[in-house]
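Peer 1: can't give you the sequence, but here's the structure:
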């Protein structure tokens with residue numbers, strides 16, 4: 001079938017995730033493009049953004065497979081719906097890849113595919129800002145309808161979309177993220193024995209419940225040997241918590257905060273923690289869990305469907321997200337396990353970015369072949 005390709009198709013990518021440094025969205029796109037962008041690639045890649053690209057991604061942009069990076073300023077919604085379609089036609093893009101769950105409201109001349117991380121506006125509306133909620137509630141239907149293919153971050157996301165729009169099932173496919181080994185950078189930790197969690201300081205990460213549970217645990221069990229290390233960046237709706245963590249108010253309860261650690265420091269925390277905790281109320285997937293698993297760590301996580309996709313009762317514990325007592329008991333239980341019981345065995349081939357990139361490449365090729373076939377039929381008619 002590849003013989004049908006007479007030239008390398010031009011893939012346009014919504015590169016706005018690259019404007020904000022390393023986040024969940026930008027990590028996903030960065031790791032995949034590191035693998036797909038090469039002289040042997042089936043595609044040429046063109047990146048489009050309404051903001052400058054963060055310096056951490058400049059090395060990737062310099063690779064030969066990235067043919068052009070187009071920066072044209074504009075407010076997000078206006079840029080997506082007015083400026084971007086014109087840029088895609090100007091650059092003669094063959095297929096557009098929407099990486100932020102949104103496509104233009106009106107179907108473009110350029111065919112498109114889209115990443116879908118979650119359907120929070122249906123399943124967890126209280127975890128969203130008001131503006132974000134209304135944007136997704138009003139326009140998600142258009143994005144899903146206009147896409148040739150929808151790349152779902154998990155089976156749970158696919159199920160949510162299928163329940164929301166049953167007629168779209170044929171275009172939905174699960175593409176799990178991976179986790180890469182990162183070079184470790186030593187950082188000073190007050191106590192070598194620690195439990196670790198990471199998350200943006202926002203309501204859906206449910207860090208207030210975890211902090212309350214750990215504080216109670218330490219008050220009732222002062223000899224509990226572990227501290228809780230919390231890493232992440234400042235988000236929204238948690239100003240009081242953010243200030244308290246930054247000013248070290250929880251240190252007396254065995255809780256330390258590291259703001260927005262770089263990759264090397266994050267790798268150190270994942271590799272050296274005793275076990276990992278993740279109390280989110282809702283997630284599209286939960287990439288930090290995979291990163292912890294790749295380091296051989298057992299986990300305590302919220303008892304929500306997407307985490308049941310990833311974790312196993314054999315190694316891990318599940319807790320109702322808002323159950324402070326449940327979190328306290330689970331941490332105490334895992335914290336008293338012998339060291340050998342805290343070490344999980346994970347097959348090397350599972351949860352790799354190479355696997356993610358291969359699936360995406362095959363799906364992009366499949367869509368491209370369909371585009372070619374449609375063009376061929378239109379010429380005949």
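Peer 2: That came through, no problem. Remember, predicted model here, so these are calculated numbers, not experimental data.

Peer 1: got the contact list for the one helix or strand residue 329 maps to?
Peer 2: Here residue 329, judged by DSSP states H and E, is contained in helix 324-335. Helix 324-335 is contacted by residues 195, 209-210, 212-214, 216-217, 220-221, 224-226, 274-275, 277, 279, 298, 300, 317, 319-320, 342 when judged by CB atoms under 8 Å, 6 or more residues apart in numbering. In short, each C-beta sits where N, CA and C put it, glycine included.

Peer 1: and the strands in the stretch 251-381 of the chain?
Peer 2: Using DSSP state E, counting those that start in this stretch, the strands of the stretch 251-381 of the chain run over 255-259, 276-278, 299-302, 317-319.

Peer 1: including distance to residue 177 and mean pLDDT, could the ones you listed go into TSV?
Peer 2: Below are these laid out as TSV (distance: least, CB to CB, whole Å; pLDDT from 0 to 100):
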stretch	distance to residue 177	mean pLDDT
strand 255-259	23	92
strand 276-278	15	98
strand 299-302	16	98
strand 317-319	21	98
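
Peer 1: wait, residue 259 sits on residue 233?
Peer 2: Yes - contact criterion CB atoms under 8 Å: residue 259 and residue 233 qualify, at 6.7 Å.

Peer 1: circling back to that earlier point, now restrict the contacts of helix 324-335 to buried residues only.
Peer 2: Buried subset of those (neighbour count, 16 or more other CB atoms under 10 Å): 195, 209-210, 213-214, 217, 224, 226, 274-275, 277, 279, 298, 300, 317, 319, 342.

Peer 1: helices - which of the residues you listed land there?
Peer 2: Judged by DSSP state H, helices contain the following of these: 209-210, 213-214, 217.

Peer 1: any idea which of those residues is closest to residue 361?
Peer 2: The shortest approach to residue 361 among those belongs to residue 210, at 38.0 Å (CB to CB).

Peer 1: measure the closest one to residue 221 for me?
Peer 2: According to CB to CB, to the nearest Å, residue 210 stands 16 Å off from residue 221.

Peer 1: now residue 83
Peer 2: 57 Å.

Peer 1: was I right to think residue 287 contacts residue 24?
Peer 2: Yes - between residue 287 and residue 24 there is a contact at 5.8 Å, judged by CB under 8 Å.

Peer 1: these two: who's more crowded?
Peer 2: Applying other CB atoms under 10 Å to residue 287 and residue 24 shows that residue 287 carries more neighbours, namely 21 against 18.

Peer 1: look up the closest residue to the more buried one, ignoring the ones flanking it.
Peer 2: Spatially, and ignoring its direct neighbours in sequence, residue 287 is nearest to residue 177 (5.4 Å; CB to CB, 6 or more residues apart in numbering).

Peer 1: hmm, the one you found is touching residue 283, no?
Peer 2: No - contact criterion CB under 8 Å: residue 177 and residue 283 do not qualify, at 11.6 Å.

Peer 1: which of the two has more neighbours?
Peer 2: A count of neighbours by other CB under 10 Å puts residue 283 above the other of residue 177 and residue 283, at 30 against 23.

Peer 1: state which helix of this protein is the longest.
Peer 2: Per DSSP H, the chain has its longest helix at helix 353-380.

Peer 1: in the stretch 151-300 of the chain, where is pLDDT below threshold?
Peer 2: For the stretch 151-300 of the chain, applying pLDDT under 70 flags the ranges 188-191.

Peer 1: and the helices in it?
Peer 2: 155-164, 207-220, 239-246, 263-272, 287-294 (DSSP state H, counting those that start in this stretch).

Peer 1: and those helices, which is most packed in?
Peer 2: Stretch with highest mean neighbour count among these: helix 287-294 (a mean of 23; mean count of other CB atoms under 10 Å).

Peer 1: ok, and what's touching that helix?
Peer 2: By CB under 8 Å, 6+ apart, the residues outside helix 287-294 that reach it are 24, 27-28, 177-181, 196-199, 266, 270, 273, 276, 278, 299, 301, 307, 310-311, 344, 346, 351.

Peer 1: what's the burial count for residue 99?
Peer 2: For residue 99, the neighbour count with other CB under 10 Å is 21.

Peer 1: let me fix that: residue 137
Peer 2: Residue 137: 14 neighbours (other CB under 10 Å).

Peer 1: swap in residue 148?
Peer 2: For residue 148, using other CB under 10 Å, the count is 18.

Peer 1: mind pulling up the pLDDT for it?
Peer 2: We note a pLDDT of 97 for residue 148 in this prediction.

Peer 1: any idea how far it is from residue 229?
Peer 2: Distance from residue 148 to residue 229, by CB to CB: 43 Å.

Peer 1: got it, and residue 147?
Peer 2: Counting by CB to CB, the gap from residue 147 to residue 229 is 40 Å.

Peer 1: follow-up on the earlier one: as JSON lines, the strands of the stretch 251-381 of the chain with distance to residue 55 would be great.
Peer 2: Output for those, formatted as JSON lines (distance: least, CB to CB, whole Å):
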{"stretch": "strand 255-259", "distance to residue 55": "19"}
{"stretch": "strand 276-278", "distance to residue 55": "29"}
{"stretch": "strand 299-302", "distance to residue 55": "33"}
{"stretch": "strand 317-319", "distance to residue 55": "39"}
